[in-house]
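Trainee: what would the 3D arrangement of this be:
(one chain, ligands or ions: 1)
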Amino acid sequence: MKIIDIYNKATEPVFSFEFFPPKTLAGEAKLIEAIKNLKVLKPSFVSVTYGAGGSTKDKTIELCSGIQSNFQITTMCHFTCVGASKNDILVTLKRIESEKIHNIIALRGDPSGVGTKFAKHPNGFANASELIEFIKINKFEFGIAGGCYPEKHPDAITFEQDIINLKIKVDSGAEFLITQLFFSNEIFFKFQKKALEAGINVPIIPGIMPITSFSQIEKFKNLAGCYIPDNLVNELDQLKNDEAEFLNRSIEFTSKQCEELLNRGVKGIHFYTLNQSNATIEVMKRLK
Ligand code: FAD
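Mentor: Residues are numbered from 1 along each chain as shown. Next up is the predicted model:
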């Protein structure tokens, strides 16, 4: 089933979870445990990331396929075009199709290596819109999602230009968009309004991640460039040596964030789980 049909037919919020391919056997066991725990929450779909520079291609596809056959959950395969020629991309798309994975999120991707700038493959694509166009021209029948950035993509010169580029992505065939993680709903609503004004009418699904350790805060600020409200940072700073209270406060923040987003009409929430189940389960419990 195409995921856009799930959003279009839904009478209740659509919940989905994101995982990454583990590097070790212990990581794999932990992921299976997390999927088992999260399956109880009846996600409408789950997604599996594609490592930086395309580094986990095989594992991503295997994991999507395994989750569909072992857990009967619809999967969305993350897919990037960084470092890949058109021919490489065609081969990988055919493989995804042959595994009966019907949904992908088509992304430009980033090269591996901190601080390395994206450079187009000489026979590849410069951005996600070009990738999506290619998927369409080659008549693949995937449901296609795209990424979006309420706080602007770091490479974009201006927020306005990023929105114009996002409209091109939707016109190329992205059926819905999932956001980069964010912690300020005000920023999301402003972005949503600007997107609508630019003629972007597809569902924009918030990508949400509960903070589970204090060290994540700097990481999120640096990697995702996202704003975290000062009062939340200060409160979490004071609780950083009390694991239970820290989690309790963080989960309370995320639950309220999701509640407001849902009350104001978003069609679903996509949780970045980091292959852990506890925080997401706790947030979902408080939402019910
Ligand atoms: P694009 O939409 O291509 O945008 C990149 C830049 O190009 C932006 O500055 C944009 O304004 C500009 N641009 C876009 N279209 C045009 C155009 N037509 N003309 C001119 N400029 C244009 N990375 C991974 O490696 N693996 C993953 O699994 C992964 N999953 C992700 C999931 C989500 C929901 C999100 C939001 C991001 C994910 N990423 C992943 C990160 C993503 O690959 C990076 O943020 C990357 O830098 C941008 O990818 P994109 O597809 O969003 O970029």
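Trainee: distance of residue 43 from residue 270?
Mentor: Separation of residue 43 from residue 270 (Cβ to Cβ, to the nearest Å): 10 Å. All C-beta atoms are positioned from the backbone trio N, CA, C, and that covers glycine.
Trainee: ok, those two, which is more surrounded?
Mentor: Counted by other Cβ atoms under 10 Å, residue 43 and residue 270 do not tie: residue 270 has more neighbours, with 27 against 22.
Trainee: what helix or strand is that one located in?
Mentor: In this assignment (DSSP states H and E), residue 270 forms part of strand 268-272.
Trainee: which SSE is immediately downstream of that strand?
Mentor: Downstream of strand 268-272, the first helix or strand assigned by DSSP H and E is helix 278-287.
Trainee: for the chain, what lies in contact range of the ligand?
Mentor: The interface of the chain toward the ligand, taken as Cβ under 6 Å from any ligand atom, is made up of 49-50, 52, 78, 80, 105, 107-110, 127-129, 147, 153, 155-156, 162, 165, 168-169, 178, 180, 207.
Trainee: sorry, back to before: list the buried residues of the strand holding residue 270.
Mentor: Within strand 268-272, the residues scored as buried using 16 or more other Cβ atoms under 10 Å are 268-272.
Trainee: before we move on, what about stretch 94-103?
Mentor: 96, 99, 101-103.
Trainee: gap between the two ends of it?
Mentor: 13 Å (Cα to Cα, to the nearest Å).
Trainee: just give me how far it sits from the chain centre.
Mentor: Mean C-alpha position of stretch 94-103 versus that of the full chain (Cα atoms, centre = their mean, to the nearest Å) differs by 19 Å.
Trainee: now what about it, what contacts it?
Mentor: 1-3, 45, 61, 64-65, 68, 74-77, 79, 104, 140-145 (Cβ atoms under 8 Å, 6 or more residues apart in numbering).
Trainee: now, those that are in helices?
Mentor: When these are checked against helices (DSSP state H), the matches are 3, 61, 64-65, 68.
Trainee: all strands of the stretch 1-150 of the chain, in order?
Mentor: 14-19, 45-48, 75-80, 103-107, 143-148 (DSSP state E, counting those that start in this stretch).
Trainee: what distance do you get for the closest residue to residue 1 other than its chain neighbours to residue 67?
Mentor: In space, and not counting its chain neighbours, residue 1 is closest to residue 74: 6.0 Å by Cβ to Cβ, 6 or more residues apart in numbering. Noted for residue 74: a distance of 9 Å to residue 67, by Cβ to Cβ.
Trainee: what sits in contact with each of these two?
Mentor: Both residue 74 and residue 67 are in contact with residue 46, where contact means Cβ under 8 Å, 6+ apart.
Trainee: between residue 43 and residue 270, what contacts are shared?
Mentor: Going by Cβ under 8 Å, 6+ apart, residues that sit against residue 43 and also against residue 270 are 16-17.
Trainee: my guess is residue 18 contacts residue 271. True?
Mentor: Yes - with contacts counted by Cβ atoms under 8 Å, residue 18 reaches residue 271, the gap being 6.7 Å.
Trainee: buried residues in the helix or strand of the chain with the lowest mean pLDDT?
Mentor: Ranked by mean pLDDT, DSSP states H and E, the weakest helix or strand in the chain is helix 215-223, scoring a mean of 83. Buried residues in helix 215-223, counted by 16+ other Cβ under 10 Å: 216-217, 220.
Trainee: now stretch 6-14, how far from the centre of its chain.
Mentor: Stretch 6-14 has its average C-alpha position 18 Å from the chain's average C-alpha position, going by Cα atoms, centre = their mean.
Trainee: in the lengthiest helix in the chain, what's buried?
Mentor: The longest helix of the chain (DSSP H) is helix 243-263. By neighbour count with 16+ other Cβ under 10 Å, helix 243-263 contains the buried residues 246-247, 249-251, 253-255, 257-258, 261-262.
Trainee: what's near enough to touch residue 78?
Mentor: Residue 78 touches 47-50, 60, 104-105, 107, counting by Cβ under 8 Å, 6+ apart.
Trainee: overlap in contacts of residue 18 and residue 271?
Mentor: By Cβ under 8 Å, 6+ apart, the residues touching both residue 18 and residue 271 are residue 207.
Trainee: any chance of the contacts of residue 78 in CSV, plus distance to residue 190?
Mentor: Listed next are those as CSV, based on distance: Cβ to Cβ, whole Å:
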residue, distance to residue 190
47, 26
48, 31
49, 27
50, 29
60, 33
104, 29
105, 23
107, 23
